[in-house]
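Trainee: my questions are about this predicted structure, shown below with the sequence.
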Amino acid sequence: MVQHVHVYFCIRSSRDAFASVHTFRFWLRTKKRGLMPLFYWLATWIGTPYQAYTQDITFASHIAPIIFEHCTPCHRPDGYAPFPLTTYEEVSRRAGFIAHVTEIGYMPPWKANPGFRHFANERILPPAQVEAITRWVAAGAPEGNRAATPPVPVFPAGSQLADQPDLVVSMREPFQIPGNNRQTYICYKIPYEIERDTFVRAIEFIPGNKQLVHHASYQVLAVSPGADIYEGPDYFVYGDSQYVDDAHDYAYFGLVDDQGNLPVETFHSGWLPGVSPQVFPEESGFYLPKRGVLIIRNLHYAPTPVDTTDQSRLHLYFNQGPVLRPVLFAAFAPRKTVTGDWIIPADSVVHHHINVKFKDEVSLLSINPHMHRLGTYIKAYLILPGQDTVPLVEVPRWDFDWQEFYAFDKLIHVPAGSVLRVEGTFDNTDRNYDNPNSPPQDVFFERAMDDSDEMMRLVVQYLPYWPGDEQRSGSALRR
């Protein structure tokens, strides 16, 4: 139906960097709105009391259920966030700060505009819960009856899902990350064998080194019986530019048989800190051959001054019932309109777009927009054959450090002949606080996946359309 384009996900994941960078950027963005919010933040941080509106709300009965559902999946000892929120002591210690970041919508992190489209996995606190936190802090953050506190949710082995995985696919040996204060990119091959072909209803990438794993892109490959999936090296390290070359990579890992048959990709996705596990609707999933390879493409480690290791893995959860429709995917990029290098000039604000026409009738499950640090705005929508428009996703303030696979609350019906339109804005001026260059410099666009370059992608996961899809959810994951 549409061309498949590889997409690579770029985001910081060092927990220490996460804490310092997000604190600074939070301060900077709050300050930019005026001095009063900054003073308010400082006041709540040091514990200045609010006006006491009520004494009835307690941690045990009201606040703990909110925190455990919306915060603890990341804020726990083995989570991605820089500090845990699993006990009354941990929460009350930061009560004023929690009240402020929830009031202004900074936490839980959710960058898509809810006025444009709602999603099944969105992390938006209802106004009543935000008000409850504010009133609880105003009342002095009382604990209440500790015995009434609900149990802290348990997540196996660093996962955000409570179920035990059916298959854990792990790097065979820990990778040695050099302590040279430079970014490291690798491509890692993980062979696997299971009893029979099956389908996967959910998948989750689990970084082994949460301090340094920056992002990862991965694909599942069905390999010819004539190729030995266990022979050859486990990985290679990319050079100065992270170009992906299927022919080179497959041959390097020994995945091409004597007849020249290449592996067949059955699934492609990625990971970045805070992203939701991908949980597909009932009776759908992606095909997992009984013998194959999972390649972690463009596994990126942040710089470190000391030698250390990583042994990342993926958790796979199998479908227990019949799969009537396999999950399909596609990734789209802008069409190059220049000869030679494509550049975003210094001190410029530029706009790029993507147009894709659907030849077949499909239903969209999820959507993942992607840009780097010059990106400031992105929007995607459908133009139906009758010229009506259907909103898909809008991120009005793009944040490179918070990206997501947005799962539609209800499947989006795409009639044949519809056009997918994506519009993105890139700010390469000193007004962009995320600009990595000061002063601004010319930046390559759509050259490679280096963080120093810029890019624009839109990934969609979809199913062949069935009547009634408009009433079916795009994900079995619910917040």
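Mentor: Now that the structure is in, tell me what you want to look at. Residues are numbered from 1 along each chain as shown.
Trainee: and stretch 148-156, how far from the chain's centre?
Mentor: 25 Å (Cα atoms, centre = their mean, to the nearest Å).
Trainee: quick one: contacts of it?
Mentor: 58-61, 64-65, 68-69, 72-73, 76, 78, 86-88, 161-165 (Cβ atoms under 8 Å, 6 or more residues apart in numbering). For the C-beta atoms, the positions are set from N, CA and C on the backbone; glycine is no exception.
Trainee: buried residues in it?
Mentor: Neighbour counts over stretch 148-156 (16 or more other Cβ atoms under 10 Å) mark 149, 155 as buried.
Trainee: now swap in stretch 312-327 and tell me
Mentor: Quick answer for stretch 312-327 (16+ other Cβ under 10 Å): 312, 313, 314, 315, 316, 317, 318, 319, 323, 325, 327.
Trainee: the second one reaches residue 213, doesn't it?
Mentor: No: the criterion here is Cβ atoms under 8 Å, and residue 313 misses it with residue 213 at 11.2 Å.
Trainee: thinking again about what came up before, which of the buried residues of stretch 312-327 fall within strands?
Mentor: Using DSSP state E, 313, 314, 315, 316, 317, 318, 325 are the members of these that sit in strands.
Trainee: and stretch 399-417, how far from the chain's centre?
Mentor: 12 Å.
Trainee: before we move on, back to that, would a markdown table of the ones in strands among the buried residues of stretch 312-327 with pLDDT be doable?
Mentor: Converted to a markdown table, these look like this (pLDDT from 0 to 100):
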| residue | pLDDT |
| --- | --- |
| 313 | 95 |
| 314 | 95 |
| 315 | 96 |
| 316 | 96 |
| 317 | 96 |
| 318 | 96 |
| 325 | 92 |
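Trainee: which of these sits closest to residue 297?
Mentor: residue 314 (12.8 Å; Cβ to Cβ).
Trainee: look up which residues are beta-bridged to the closest one.
Mentor: residue 169, residue 205 (DSSP bridges).
Trainee: that one reaches residue 294, doesn't it?
Mentor: Yes: Residue 314 is within contact range of residue 294, at 6.6 Å (criterion: Cβ under 8 Å).
Trainee: just the buried residues from the contacts of stretch 148-156, in ChimeraX please.
Mentor: Selection of the buried residues among these in ChimeraX, burial being defined by 16+ other Cβ under 10 Å:
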select :58,59,60,64,68,69,72,73,76,86,88,161,165
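Trainee: which residues touch residue 371?
Mentor: By Cβ under 8 Å, 6+ apart, the neighbours of residue 371 are 378, 398, 400, 424, 426, 454, 455, 456, 457.
Trainee: quick one: least confident of those?
Mentor: Lowest in pLDDT among those is residue 400, which has 86.
Trainee: surely it meets residue 370?
Mentor: No: assessed by Cβ under 8 Å, residue 400 is found out of contact with residue 370, at 9.4 Å.
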